[in-house]
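# here is the input, now give the coordinates:
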Amino acid sequence: MFFDTFQQTSDGIIDTFASGQIPDGSLQGDDPAHVVLDVDTSQLTNFISSSCTFSFVTFTETCRPAPTGLIHVEWRQVRATTTHTSLDMQQTFFQFRISTHQVSDSASAALSGSFFGLDPSDGGGEVGVNHGSTIEIDRFPRH
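The predicted model follows:
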């Protein structure tokens, strides 16, 4: 999981970002009509989070560890936009090749729930589901 949130303050912004592997089953949903994320990040050993406050008045930045805790967020499709993707792509670089097979569905979504005790219902975005998608990275031998 990776997230990055922004909050406006009277003189700048607070940027909170985090990443870590979540347990299987924390994210539930077979199609973008309804997806649920339910995880307690305080129980994860590999979860890293930071929160930085930027002031546009004093041009200062202060960073500290971000809070951890319960996340229960639900995305519900609002049908403003929907996308179905079927893709086979191969990218070749000097030392490696990336082969991507993707079949996915996504849709615009509204949020509800609790994100570290905050109400995310003012947010929105897009939610999607991959169906048997794969990414392979092949490294070319060194000579």
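# where in the chain is pLDDT low?
Across the chain, residues meeting the criterion (pLDDT under 70) sit at 142-143.
# hmm, 80 instead?
Of all residues in the chain, those with pLDDT under 80 make up the ranges 30-32, 79, 116-118, 121-125, 141-143.
# run through the helices of it in chain order.
Listed in chain order, the helices of the chain (DSSP state H) amount to none at all.
# can you give me the strands in it?
Taking DSSP state E, the strands of the chain run over residues 2-8, 12-19, 27-28, 34-40, 48-55, 60-65, 70-92, 96-115, 124-130, 134-139.
# in a markdown table: those, plus mean neighbour count.
Using the backbone N, CA and C atoms, a C-beta is placed for each residue, glycine as well. As requested, the strands of the chain are arranged in a markdown table below (neighbours: other CB atoms under 10 Å):
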| stretch | mean neighbour count |
| --- | --- |
| strand 2-8 | 11 |
| strand 12-19 | 16 |
| strand 27-28 | 13 |
| strand 34-40 | 17 |
| strand 48-55 | 15 |
| strand 60-65 | 10 |
| strand 70-92 | 14 |
| strand 96-115 | 16 |
| strand 124-130 | 16 |
| strand 134-139 | 10 |
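# residues touching P67, list them.
The contact partners of P67, by CB atoms under 8 Å, 6 or more residues apart in numbering, come to S49, S51, F116.
# next one: V103
Under the criterion of CB under 8 Å, 6+ apart, the contact list for V103 reads T85, S86, L87, N130, H131, G132, S133.
# any chance of CSV for these, columns distance to T58?
Rendered in CSV, the data for the contacts of V103 read as follows (distance: CB to CB, whole Å):
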residue, distance to T58
T85, 45
S86, 50
L87, 46
N130, 44
H131, 49
G132, 51
S133, 46
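# identify the residues contacting T9.
The contact partners of T9, by CB under 8 Å, 6+ apart, come to T53.
# please apply the same query to the one 4 residues further on.
Residues near I13 by CB under 8 Å, 6+ apart: F6, Q7, T53, F54, F56.
# for it, name its beta-bridge partners.
When bridges are called by DSSP bridges, I13 pairs up with Q8, F54.
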